[in-house]
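> mind folding the following:
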Amino acid sequence: MQKDREGSAGPVSSPSARVRHRRQRTSEVAESPRANGTHLLVDDRNKYKSMRTRIWSSVWMIGGFILILYMGHLYIWAMIVVIQIVMAKELFNLLRTTHEERDLPGFRLLNWHFFFTAMVYVYGRFLSRQLVNSVSSDKFLSQIFSNLIKYHMLTCYFMYIAGFVWFILTLKSKMYKYQFGQYAWTHMILFVVFAQSSFTVGNIFEGIFWFLLPASLIVINDIAAYFFGFFFGRTPLIKLSPKKTWEGFIGASVTTIISAFLLANLLGRFQWLTCPRKDLSTGWLSCDPGPMFKPKLYSFESWLPLWVMDYYFPWKEVTVLPVQKHALVFGLFASSIAPFGGFFASGFKRAFKIKDFGDSIPGHGGITDRMDCQMVMAVFAYIYYQSVVIPQQNSVENILDQILGNLSIEEQISLYKQLGEVLYRRGQGGVSYL
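Numbering: from 1, shown residues only. Predicted structure coming up:
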């Protein structure tokens, strides 16, 4: 009995017992409320110190972001690329094992080869029109880039196959599990991180407005959820992210939707933000904003009784941009669905028993910690714009833009002749348009 009591209370002697004991201690630490941050933010004793650090970092990030916005589309694209590289680095290092990496020289380079291949494929598809427009004045360069775009998919496929063959040739006995795990991990990163965040670039060149509004709503939602949870949070929202509360979620949702409506009206009045960038230049933009960004005057008199107007409404009419109704959809998505990107990231970190993906941003963690919801929002903003907004903006100018940007000279001439024949057959004035 004495020996049993010593075995249970004192040092553990056998190796297997020591391993079990160590695992038990690790499990206890991992499950402890303070280690996992399961205490609510409103009860955190160090919350004011943490808030100061977080606010200071946020001010620097927002200031830098505004500067890059002012510099224009190309610089915003460059910022997105840098963010993607840092995110990929953080995630590549998450499953990296030093011993195996030492025995596989050059294996890490293979991950970046796949990353670069994905970059060429995605941005080649998103920016082909802008690239052709940028070199259209030079016939030689225009011909080269037209051919590159024509065989773009085939080129990217062989780039990927080169990496695939490279991977097969580097397989080593007794390291198959690690190598195939890294191969799968790399492709997951490219799909979950790079592919989603790349939709942001498609939004940028359609008009900075379609990038800035969704991105700003995620920031507003995150800040509002933090402060509502900081001061009022009492009811836990989800176990994956214990510091999130229903009070923070609801308060942030209302704030985000209202902000979306007001912010769209503000941003929609600047041509620099609403005009699409049709090439890769950095000059100032000027264009017809289109009906989506032209103010409309709405009167309250037809909606409300006169006595309500006289006593409660000092103004009789209000100016609204049609784009504001789309902003409400963005606000609803940013406050109700996009946060699940953060919950996904929280579950991911718990699976690997880490607090943050990195430590590059004081008070916030790594770049990946700040971009989890942004990626979900970027995909929605792009799909919504392409599916709902563009059909409402169809005009002769936009269609002509697509023809000039996506068709070669020979294809444009052929289209012109075919269109002339169609109009002639329909008897438009009895005149041949050829």
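> what is the burial count for S336?
14 (other Cβ atoms under 10 Å). All C-beta spots, glycine's among them, are computed from the backbone N, C-alpha and C.
> just give me the neighbour total for the closest residue to P291 other than its chain neighbours.
Leaving aside its sequence neighbours, P291 sits nearest to P322 (Cβ to Cβ, 6 or more residues apart in numbering; 6.4 Å). P322: 16 surrounding residues under other Cβ under 10 Å.
> pretty sure P322 sits against P289.
No. P322 lies out of contact with P289 (Cβ atoms under 8 Å); the separation is 10.7 Å.
> got any ranges where this protein has weak pLDDT?
Applying pLDDT under 70 to the chain picks out residues 1-48, 98-99, 300-316, 358-365, 392-398, 401-402, 405-406, 428-434.
> between the two ends of stretch 189-206, how far is it?
26 Å (Cα to Cα, to the nearest Å).
> stretch 166-181 too?
Start and end residues of stretch 166-181 are separated by 16 Å (Cα to Cα).
> what about T319, which SS state?
Per DSSP: H, G, I helix; E, B strand; the rest coil, the local secondary structure of T319 is strand.
> look at it and say how many residues are nearby.
By the criterion of other Cβ under 10 Å, T319 has 9 neighbours.
> can you give me phi and psi for the residue lying closest to it once chain neighbours are set aside?
Once flanking residues are discounted, T319 sits nearest to P295: 4.7 Å by Cβ to Cβ, 6+ apart. P295 adopts backbone torsions of phi -60, psi 140, taken as degrees, to the nearest 10.
> residue closest to the middle of this protein?
Nearest to the mean C-alpha position of the chain, by Cα atoms, centre = their mean, lies M375 at 2.8 Å.
> so it is in which element?
Element membership for M375 (DSSP states H and E) is helix 367-384.
> just the residues contacting stretch 136-155, thanks.
120-121, 124-125, 128, 131-132, 135, 408 (Cβ atoms under 8 Å, 6 or more residues apart in numbering).
> now that we have those residues, which one has the most neighbours?
V132 leads those on contacts (other Cβ under 10 Å) with 23 neighbours.
> quick one: residues contacting that residue.
Residues in contact with V132 (Cβ under 8 Å, 6+ apart) are 142, 145-146, 149, 405.
> can you redo these as a markdown table with secondary structure and distance to M71?
Output for those, formatted as a markdown table (DSSP: H, G, I helix; E, B strand; the rest coil; distance: Cβ to Cβ, whole Å):
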| residue | secondary structure | distance to M71 |
| --- | --- | --- |
| S142 | helix | 27 |
| F145 | helix | 25 |
| S146 | helix | 29 |
| I149 | helix | 27 |
| G405 | helix | 24 |
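> who's in contact with the residue nearest to P291?
Taking Cβ under 8 Å, 6+ apart, we find P322 in contact with 291-294, 296.
> quick check on these: which are buried?
Buried members of the contacts of P322, counted by 16 or more other Cβ atoms under 10 Å: 292-293.
> which ones among the contacts of P322 are found in helices?
Assigned to helices by DSSP state H, none of those qualify.
> could you dump the contacts of P322 to JSON lines with distance to F344?
Output for those, formatted as JSON lines (distance: Cβ to Cβ, whole Å):
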{"residue": "P291", "distance to F344": "38"}
{"residue": "M292", "distance to F344": "32"}
{"residue": "F293", "distance to F344": "34"}
{"residue": "K294", "distance to F344": "39"}
{"residue": "K296", "distance to F344": "39"}
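> can you show me the strands along the stretch 101-250 of the chain?
Remark: strands assigned in the stretch 101-250 of the chain by DSSP state E, counting those that start in this stretch are 236-238, 241-245.
> the shortest one pairs with which strands, parallel or anti?
Spelled out, it's strand 236-238. The strands beside strand 236-238 in its sheet (DSSP bridges) come out as strand 241-245 (antiparallel).
> list the buried residues in the strand it pairs with.
For strand 241-245, burial by neighbour count (16+ other Cβ under 10 Å) applies to 241-245.
> pretty sure C275 contacts G207?
Yes. Between C275 and G207 there is a contact under Cβ under 8 Å: 6.2 Å.
> would you mind giving the domain segments of this protein?
1-30, 49-393, 399-434 (automatic domain parsing).
> one step back: neighbour-wise, which of C275 and G207 wins?
G207 (28 against 21).
> is it true that that one touches P276?
Yes. Assessed by Cβ under 8 Å, G207 is found in contact with P276 at 5.1 Å.
> in strands only, show me the contacts of P322.
Judged by DSSP state E, the subset of the contacts of P322 located in strands is K296.
> for the contacts of P322, which one is nearest I257?
For the contacts of P322, the minimum distance to I257 (Cβ to Cβ) is 19.6 Å, reached by M292.
> follow-up on the earlier one: so what secondary structure elements neighbour the helix holding M375?
Where contact means 3 or more Cβ pairs under 8 Å, 6 or more residues apart in numbering; DSSP states H and E, helix 367-384 is packed against helix 73-92, helix 196-205, helix 208-232, helix 323-336, helix 339-352.
> how distant is that helix from the center of its chain?
3 Å (Cα atoms, centre = their mean, to the nearest Å).
> ok, now stretch 373-388?
On Cα atoms, centre = their mean, the centre of stretch 373-388 falls 9 Å from that of its chain.
> identify the residues contacting it?
With Cβ under 8 Å, 6+ apart, stretch 373-388 has contacts from 192-193, 196-197, 199-200, 202-203, 206, 210-211, 213-215, 217-218, 221-222, 326, 329-330, 333-334, 337-342.
> just the buried ones from these?
Buried among those (16+ other Cβ under 10 Å): 192-193, 196-197, 199-200, 202-203, 206, 210-211, 213-215, 217-218, 221-222, 326, 330, 333-334, 338-339, 341-342.
> hmm, back to that, most packed of the domains of the chain?
When you average the neighbours per residue for each of the domains of the chain (mean count of other Cβ atoms under 10 Å), domain 49-393 leads with a mean of 17.
> ok so, going back, which phi and psi does the residue nearest to P291 have?
phi -60, psi -30.
> next: S281.
Dihedral angles (degrees, to the nearest 10) for S281: phi -90, psi 180.
> and for it, nearest residue in space, chain neighbours not counted?
S281's closest residue in space is S134 (Cβ to Cβ, 6+ apart), at 6.7 Å.
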